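Visitor: A structural model of the following input is requested.
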Amino acid sequence: MSLKNEYSDLKARNQNFKKALDAISHRGPDDKGIFENKWGKFGHTRLSIIDLTNDAHQPMLDESSNYLIVFNGEIYNYLDLYKRFFSDDVTVNRNSDTSVLLGMYKKYHHKCLDYLDGMFSFVILDIQNNELFAARDRFGEKPLYIYQDNDLVVLSSEIRAIRKLLPKKNFDIDYNSLVEYHTIGSVPPPKTIYKHIKSLEPGHYLNIDHRGSIKNTCYWNLSDKKLQDKYARIAPKNYNEAVEHTKFLLNKSIKSRFISDVPVGVFLSGGIDSGAIASISNPNTNALCIDFLENEYSEYGAAKLMSEKYGLSLERHIIDSDFFTDNLEGFFASSDQPTIDGFNTYFVSMIAKSMNIKVWLSGVGGDELFGGYPSFQKINQMKNISSLLQKIQPQKFPKFLAREISHNSILLRSSFMGIAGNPYLRAHQALRSIQSPFSVTKILKNICIPDNKLINQLDKKYLKNIHIENLDRFQICSIMESNIYMSSQLLRDIDNYSMAHSIEIRSPFLDHNLFESVFYLDKKFKQMKGRNKPLLVDALESPLPSRIINSPKKGFTFPIEIWLKEAMDVSFRDYVLSPENEKFWNLDQVEELWELYKSGKMHWSVVWSYYFFARWHRSQNVDL
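Guide: Numbering: from 1, shown residues only. All right, here's what the predicted structure looks like:
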């Protein structure tokens, strides 16, 4: 983070900076460092994974003392970069990806990002040229939050540190962000839940001058015309070529994610994605399977089958409803922003931490890339329905639904499809939304945005940097799942809740070379009748058990519908319907939602969004 002088009281400034750094010590409990100069103050907490020596201490200065870096994440190809560019450069430490990253920036400036394979957010101070450079990885695996007030600029990996740093500032809830949260379950960047704190978008970088002027630039876009042209030139001639190339890239990605100076484990469920990672893992690798007493949610049998086939050391941990409810308070307190999801990662990470393994591999991204979600089968049909509905008085149709149909109705959520706009986007919104924005704005207070303007704002955000003109329907669904759901919600939650337990989760499917290559393959190679993820299955050197291949898509889910009724039954009224929330919602209407849920007429995610926000907001105000 960077801080210009806000207070004349040096002692108060230093105390607040220390509190801010302490607030994110869970992200890096192994080491801590502070650097200060006329530009500002920089702090870092370290989770030691690559290069465990003091040589990798941060903030890190280069040998000339002209460049300073604060880096969060991993550069998986740092050894390749060292051999290619720095083998004769004694100023670059070959054992440290941080040192290699700093060397790449000195050599190529913002163009260094083109060479990096990794998950990262970092800040580099060019002391000689009086300039700050900050960047975030392509998919948004690592966060970077921004607060600016005139020439004061604060950058941080978590919002809680910004609030600790500036205790006299009022960080008000952004009611427009609250609409988005209740609609889709998260707040997509560049917004956050707070009015005056922004999030750097995935695939973007910042240039900040000494006056605090910020220039924001997009450096990577999956649907960029240059990428389309590149992969059109090297497109495989047939399915066998596509399989072989995918196999090569997948093996390379998974093996690079095992690079670490500490042990690495694998999350293993019963699905194809985690099975693919297991099949390429080293023998005796530690694997973790979370199991449940509710048999319909158990994947232990499939996980055990794969662990035996590939020689992994599997540990089974059962989570029950008592464990879940007993630890909910810690879950809410560790949440940097409200989210409809995240409890999976929080509890899995808690168990993983107890195994004393810092690094874990996850199958995140496999569904978005290889078409594992039901949306890939449904989106074209729903797009056609949307095109038809938009011809039927598009301005009146969704409002009628919002007014006349109860909140739990599929038709209400699908009222998106009748709104004028891109029919593919409307179809995806209908598939992924928790509530219609029309129903949400009826419940929220202090919302004065006209319906049409609200929808236009959502469209601009969701379609920003997405060019779908020359994409097939599989690619359109893939890019929407990646940009809207994965980057905005799934990856943010994974970072937040894994780091809450001081562990790191790596995602091999998010190697950009692999992702780009598979994304631009013709859909006939990725979608075949009667087969689940055929390209991924065929690209594995060691075949998956037929039971895994032929099982219907299940997904790793907690028995949340069962548990939440127990968890919320007593406390919903105390937390949600409390007078303190009258500034956010019309509580009478929220109570109606609660009664609909109790009578089995509404999906749990709707009431959970209000319950989560209420408990999160109270925990934040108490802690901060």
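Visitor: Got phi/psi on D31?
Guide: Dihedral pair for D31: phi -160, psi 160, per degrees, to the nearest 10.
Visitor: dump the residue contacts of it.
Guide: Neighbouring residues of D31 by C-beta atoms under 8 Å, 6 or more residues apart in numbering: 45-46, 48, 57-58. For glycine as for every other residue, the C-beta is placed from the backbone atoms N, C-alpha and C.
Visitor: try Q58
Guide: Applying C-beta under 8 Å, 6+ apart, the residues near Q58 are 31, 33, 44, 46, 69-71, 98.
Visitor: and the gap between it and F122?
Guide: Remark: distance between Q58 and F122 (C-beta to C-beta, to the nearest Å) = 10 Å.
Visitor: what's the overlap in contacts for these two?
Guide: Common neighbours of Q58 and F122 (C-beta under 8 Å, 6+ apart) are 69-71.
Visitor: Output the residues you listed as TSV; include the columns pLDDT and distance to G530.
Guide: Formatted as TSV, the shared contacts of Q58 and F122 follow (pLDDT from 0 to 100; distance: C-beta to C-beta, whole Å):
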residue	pLDDT	distance to G530
I69	98	51
V70	98	51
F71	98	46
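Visitor: Got the confidence number for the nearest residue to H44 once chain neighbours are set aside?
Guide: Spatial nearest neighbour of H44, excluding adjacent residues (C-beta to C-beta, 6 or more residues apart in numbering): Q58 at 4.0 Å. For Q58, the model assigns a pLDDT of 96.
Visitor: Check the one 4 residues further on too.
Guide: Looking at D62, its pLDDT stands at 95.
Visitor: and it, what are its phi and psi?
Guide: Main-chain dihedrals, D62, degrees, to the nearest 10: phi -80, psi 180.
Visitor: Let me see the contact set for it.
Guide: Going by C-beta under 8 Å, 6+ apart, D62 touches 68, 91, 102-103, 106.
Visitor: 6 Å - rerun?
Guide: The contact partners of D62, by C-beta atoms under 6 Å, 6 or more residues apart in numbering, come to L102.
Visitor: now it: how far from I479?
Guide: In terms of C-beta to C-beta, D62 sits 38 Å off from I479.
Visitor: do the same with R492
Guide: 18 Å.
Visitor: Compare those two (neighbour count), which wins?
Guide: Neighbours were tallied for R492 and for I479 using other C-beta atoms under 10 Å; the higher tally belongs to R492 (26 against 22).
Visitor: now the more buried one, what's its secondary structure?
Guide: The three-state assignment at R492 reads helix, by DSSP: H, G, I helix; E, B strand; the rest coil.
Visitor: For the residue nearest to it when sequence neighbours are not counted, give me the pLDDT.
Guide: Closest residue to R492 apart from its sequence neighbours, by C-beta to C-beta, 6+ apart: P143 at 6.4 Å. Looking at P143, its pLDDT is 98.
Visitor: For P143, grab the count of nearby residues.
Guide: So P143, with other C-beta under 10 Å, has 25 neighbours.
Visitor: cool, S87 as well?
Guide: 9.
Visitor: Quick check: phi and psi at it.
Guide: Torsion angles, degrees, to the nearest 10, at S87: phi -60, psi -20.
Visitor: what sits against it?
Guide: Here S87 is in contact with no residue (C-beta under 6 Å, 6+ apart).
Visitor: what about it, distance to S298?
Guide: Computed as C-beta to C-beta, the S87 to S298 distance reads 51 Å.
Visitor: do the same with L463
Guide: Counting by C-beta to C-beta, the gap from L463 to S298 is 40 Å.
Visitor: could the contacts of D31 be laid out in TSV, adding distance to L222 and secondary structure?
Guide: Rendered in TSV, the data for those read as follows (distance: C-beta to C-beta, whole Å; DSSP: H, G, I helix; E, B strand; the rest coil):
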residue	distance to L222	secondary structure
T45	32	strand
R46	31	strand
S48	33	coil
H57	35	coil
Q58	30	coil
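Visitor: And those residues, which is closest to A303?
Guide: In terms of C-beta to C-beta, no member of the contacts of D31 lies closer to A303 than S48, at 29.5 Å.
Visitor: Contacts only, for the closest residue to the closest one other than its chain neighbours.
Guide: Take S48 and drop its neighbours on the chain: the residue closest to it by C-beta to C-beta, 6+ apart is D30, 4.1 Å away. Applying C-beta under 6 Å, 6+ apart to D30 gives the contacts 46-48.
Visitor: Tell me the one of the residues you listed nearest F343?
Guide: Among the contacts of D30, and counting by C-beta to C-beta, the member closest to F343 is L47, at 22.3 Å.
Visitor: coming back round to it: mark which of the contacts of Q58 are buried, thanks.
Guide: 33, 44, 46, 69-71, 98 (16 or more other C-beta atoms under 10 Å).
Visitor: just checking, which of these belong to helices?
Guide: Per DSSP state H, helices hold the following members of these: T98.
Visitor: can you pull out the helices in the stretch 201-350 of the chain?
Guide: Applying DSSP state H, counting those that start in this stretch to the stretch 201-350 of the chain gives helices spanning 225-233, 239-256, 272-280, 300-310, 321-326, 328-334, 343-354.
Visitor: and of the ones you listed, who's closest to V590?
Guide: Among these, helix 328-334 comes nearest to V590, with 18.0 Å by C-beta to C-beta.
Visitor: how about low-confidence regions in this structure?
Guide: 1-10, 393-415, 448-452, 454, 553-556, 622-624 (pLDDT under 70).
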